[in-house]
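K.L.:
Would you be able to build a 3D model of this:
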Amino acid sequence: MDSWVIVMMLGVSVFLGSLALAGIMWAIKTGQFDDKEKFLNQVQYDGEEELNDAAEQERKRKAMKKKRGYRPE
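P.N.:
Down below sits the predicted model:
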């Protein structure tokens, strides 16, 4: 390959990479990735068994905290 082809490929790659970076930075700045209601809406799709499991885990966690010397892993 000629050196001008390598330089052109490198230039195009840097240009496209900078466009992608600018797009990601814009999306973060404007809040495109924020989903404030995700966790609130997720409960609607949980079944009764999953909710009972979560409640049982919370009870176990509170019981372990009451014990002396408990350290979460």
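
K.L.:
ok, and what's touching stretch 26-33?
P.N.:
Applying CB atoms under 8 Å, 6 or more residues apart in numbering, stretch 26-33 turns out to have no external contacts. (Glycine included, C-beta is placed from N, CA and C.)

K.L.:
Show the average pLDDT along it.
P.N.:
Stretch 26-33 shows a mean pLDDT of 89 in the predicted model.

K.L.:
From here on, call the first residue 18.
P.N.:
Got it, the first residue is 18 from now on, which makes the last one we talked about stretch 43-50.

K.L.:
Alpha carbons of that stretch, as PDB, please.
P.N.:
What follows is stretch 43-50, C-alpha atoms only, in PDB (Å, rounded to 0.1, in the frame of the first residue of the first chain):
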ATOM      1  CA  TRP A  43     -23.900  14.900  23.600                       C
ATOM      2  CA  ALA A  44     -26.200  12.100  24.600                       C
ATOM      3  CA  ILE A  45     -24.800  12.000  28.100                       C
ATOM      4  CA  LYS A  46     -25.100  15.800  28.400                       C
ATOM      5  CA  THR A  47     -28.700  15.900  27.300                       C
ATOM      6  CA  GLY A  48     -29.800  13.000  29.500                       C
ATOM      7  CA  GLN A  49     -30.500  10.500  26.800                       C
ATOM      8  CA  PHE A  50     -29.400   7.600  29.000                       C
END
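
K.L.:
in it, what counts as buried?
P.N.:
Within stretch 43-50, no residue is scored as buried using 16 or more other CB atoms under 10 Å.

K.L.:
Give the helix, strand or coil label for D51.
P.N.:
coil (DSSP: H, G, I helix; E, B strand; the rest coil).

K.L.:
Look up how far D70 lies from the spatially most central residue of the chain.
P.N.:
The chain has F50 as the residue nearest its centroid, 9.0 Å off, counting by CA atoms, centre = their mean. Going from F50 to D70 by CB to CB, to the nearest Å gives 29 Å.
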